[in-house]
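give me coordinates for this.
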Amino acid sequence: MKKLLFNISISICIVCLTAILCTGQQLSVADSLYLQNIKTELSLSDRQITQVDSIMIATSQEFMTIEKEIQRNARTTENLADRDATQSTLLQRKKKLKSDRELALKSLLTSEQLDIYDSKIKPAKPAVIHMGINHDRASCTTCLPK
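Next up is the predicted model:
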């Protein structure tokens, strides 16, 4: 078990270092793993690898910028309504960027690669959590006793 965890840790480090060294830019760990998964599972051509790298670098930089704005906005102690509206806008931008990145990547793939992407690589949608930030337990149809 320890050997497996060690091998996984080494693999993650190699993926991250490869992404940093090969692209010259820093990718998040999640983006590095996503990129490595795309490259290994899809058997990309050299041209496709170059295009995928450029898409990942561009979107990674934008993701980092949005994350910094989200953190900066969260520290703001001014009007809570404005802060919440700004957070919502930033999260929507992040969601749109992620879907645009996926569309751009899918546009580069052949039909066989698309099938593999959709079945093995496609990012899973996050599970919906019943108790959200604005959860109103008094009027929730799930929480109310029957």
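
look up how far residue 42 lies from residue 102.
As judged by C-beta to C-beta, to the nearest Å, residue 102 and residue 42 stand 14 Å apart. To be clear about C-beta, it is placed using only N, CA and C from the backbone, and glycine gets the same treatment.

of these two, which one has the most company?
The residue with more neighbours, out of residue 102 and residue 42, is residue 42; 22 against 16, by other C-beta atoms under 10 Å.

SS state for the residue nearest to the more buried one when sequence neighbours are not counted?
Of all residues not flanking residue 42 in the chain, residue 113 sits nearest, at 4.7 Å (C-beta to C-beta, 6 or more residues apart in numbering). Put simply, residue 113 is helix when judged by DSSP: H, G, I helix; E, B strand; the rest coil.

counting neighbours, what do you get for residue 113?
Residue 113: 20 neighbours (other C-beta under 10 Å).

before we move on, what about residue 63?
19.

may I see the buried residues of the host helix or strand of it?
Take DSSP states H and E as the rule and residue 63 turns out to sit in helix 46-74. By neighbour count with 16 or more other C-beta atoms under 10 Å, helix 46-74 contains the buried residues 48-49, 51-53, 55-57, 59-60, 63, 69, 73.
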